[in-house]
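**Student:** No sequence on hand, only this structure:
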């Protein structure tokens, strides 16, 4: 758990440093301070930010397995044909979150998507799409479910195994929602995090949660593409 928090913090710092390098290389007007205030940052800033964050995630995952003695299930990343059904689950989860938010008529729900993609076109759009629909779910599932959830569910002491699993599901889901830094989206992301943690608990693998997560993100991407084509 401590390694995960440190890894997340280190990832944020690396993302900032990568952005600083990006502003220097591109001679971005106003430098890092102007980039931080930009409502639509350049695509390279989003890409570098994600990359820095994932380096921190990877370091935490490595430490948990090699120094923290968290034993990885032998089949956690072994795909099976049956995993394709989780595509439908990811789509259903995205639609369910949309339905839950619908009565509130919130206009900022698509803000994160536009923040990532508004300055992306052509090749840069494809790059950000791959990073957000495939690479982001990969690193997030491994950290939040593969490390944080399992460290609590399998390592909590002084409580029953069932209570440890429940704590693992809830804590990992809440941290998953908080990590995205979007208060409006927190409830939906936390609920989705519960679904993903339960998947890991039941299947003892990360591929089902990864497929569900990737298809969840892909729905938002498809909606953006449809919106752009409509204009």
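**Tutor:** In hand now; what should we look at? Fair warning: this is a prediction, and the values are worked out from it, not measured in the lab.
**Student:** For the protein, just list every one of the strands.
**Tutor:** Per DSSP state E, the chain carries no strands over any range.
**Student:** Lowest-scoring secondary structure element of it by mean pLDDT?
**Tutor:** Within the chain, no helix or strand scores below helix 111-117, which has a mean of 88 by mean pLDDT, DSSP states H and E.
**Student:** Quick one: residues in contact with that one.
**Tutor:** Helix 111-117 has contacts (C-beta atoms under 8 Å, 6 or more residues apart in numbering) with 39-41, 46, 125, 128-129, 132, 180, 182, 184-185, 220-221, 223-224. Just so you know, the C-beta spots here come from the backbone N, C-alpha and C atoms, and that holds for glycine as well.
**Student:** same question, stretch 46-58
**Tutor:** Taking C-beta under 8 Å, 6+ apart as the rule, stretch 46-58 contacts 7-19, 21-22, 115-116, 119-120, 124, 127-128, 131-132, 135-136, 139-140, 142-143.
**Student:** out of these, which are buried?
**Tutor:** Neighbour counting by 16 or more other C-beta atoms under 10 Å classes 7-8, 10-12, 14-15, 18-19, 22, 116, 119-120, 124, 128, 131-132, 136, 139-140, 142-143 among the contacts of stretch 46-58 as buried.
**Student:** per-domain residue ranges of this protein.
**Tutor:** Domains of the chain are assigned by automatic domain parsing as 1-69, 80-230.
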